[in-house]
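Colleague: Fold the stuff below for me.
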Amino acid sequence: MSIHAIEIILTRAVGAVELKAAQQRSGLAMGAFDDGSRLVVLVSAKTESRAVRKIWKRLGDALPVDVLCGFFPGPDGTYLMSIPMEPETAERLRGLAAEAGQTPEKYLRGAIAGALARDRSARRARLACALSRLFDDFTPEEVTRAAARRIGGA
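Modeller: Below is the predicted model:
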């Protein structure tokens with residue numbers, strides 16, 4: 001068995017009393033980040049996926065868990081994430097994946113990658129518009145000097 005570090009992102013911050021009760025109930029070693037809305041749990045399991053299932057089983061009802069995420073990337077450089085879904089959502093995902101001839105995991109991975117690419121594209125477009133507006137009022141040298149001062153902290 002290996003020890004796996006899993007990050008738990010909560011829907012709300014928890015206090016020391018609630019955290020201690022969950023720790024005692026689950027028997028899992030955990031530590032809270034300063035803001036109380038994220039935890040790290042150490043879990044003994046054969047695989048990271050099994051560690052995540054163990055956490056859901058032991059803490060799903062004890063804490064307001066939103067997302068479980070591997071604390072370290074896997075060999076392929078990706079992070080394991082576990083997000084609870086309503087049964088209807090999971091069924092729709094399975095249907096869309098089947099239509100695409102993919103597993104639900106592969107389909108969801110592609111959908112997330114596409115959304116991130118669209119977000120990057122939208123950010124680049126917003127930046128281009130903002131720069132265009134800046135250059136309507138200021139010279140490139142003025143913009144560059146102002147950016148250098150902001151980066152330099154002056």
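
Colleague: what's the offset of the helix or strand of the chain with the lowest mean pLDDT from the middle of its chain?
Modeller: Taking mean pLDDT, DSSP states H and E as the measure, the chain has strand 81-82 as its least confident helix or strand, at a mean of 84. Averaging C-alpha positions (Cα atoms, centre = their mean, to the nearest Å) puts strand 81-82 8 Å from its chain's average.

Colleague: which other helices and strands contact that strand?
Modeller: strand 65-70 (3 or more Cβ pairs under 8 Å, 6 or more residues apart in numbering; DSSP states H and E). For every residue, glycine as well, the C-beta is placed using N, CA and C.

Colleague: partners of the least confident helix or strand of the chain, with directions?
Modeller: Counting by DSSP bridges, the strands paired with strand 81-82 are strand 65-70 (antiparallel).

Colleague: Quick check: the gap between Ile112 and Ile83.
Modeller: From Ile112 over to Ile83 the distance is 11 Å, taken as Cβ to Cβ, to the nearest Å.

Colleague: what about the strands in the chain?
Modeller: Under the criterion DSSP state E, the chain contains strands at 2-10, 29-32, 38-45, 65-70, 81-82.

Colleague: Out of the ones you listed, which is closest to Arg118?
Modeller: Distance to Arg118, taken as Cβ to Cβ, is lowest for strand 81-82 among these, at 19.3 Å.

Colleague: List the buried residues of the longest helix seen in the chain.
Modeller: In the chain, taking DSSP state H as the definition, the longest helix is helix 104-137. In terms of neighbour count (16 or more other Cβ atoms under 10 Å), helix 104-137 has its buried residues at Pro104, Tyr107, Leu108.

Colleague: Tabulate those residues (CSV), appending pLDDT.
Modeller: Listed next are the buried residues of helix 104-137 as CSV, based on pLDDT from 0 to 100:
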residue, pLDDT
Pro104, 90
Tyr107, 92
Leu108, 87
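
Colleague: what's the closest of those to Glu141?
Modeller: Using Cβ to Cβ, Leu108 comes nearest to Glu141 of these, at 46.9 Å.

Colleague: Tell me who's in contact with Glu22.
Modeller: Rather than Glu, residue 22 is Ala. Val14, Met30, Leu59, Ala62, Leu63 (Cβ atoms under 8 Å, 6 or more residues apart in numbering).
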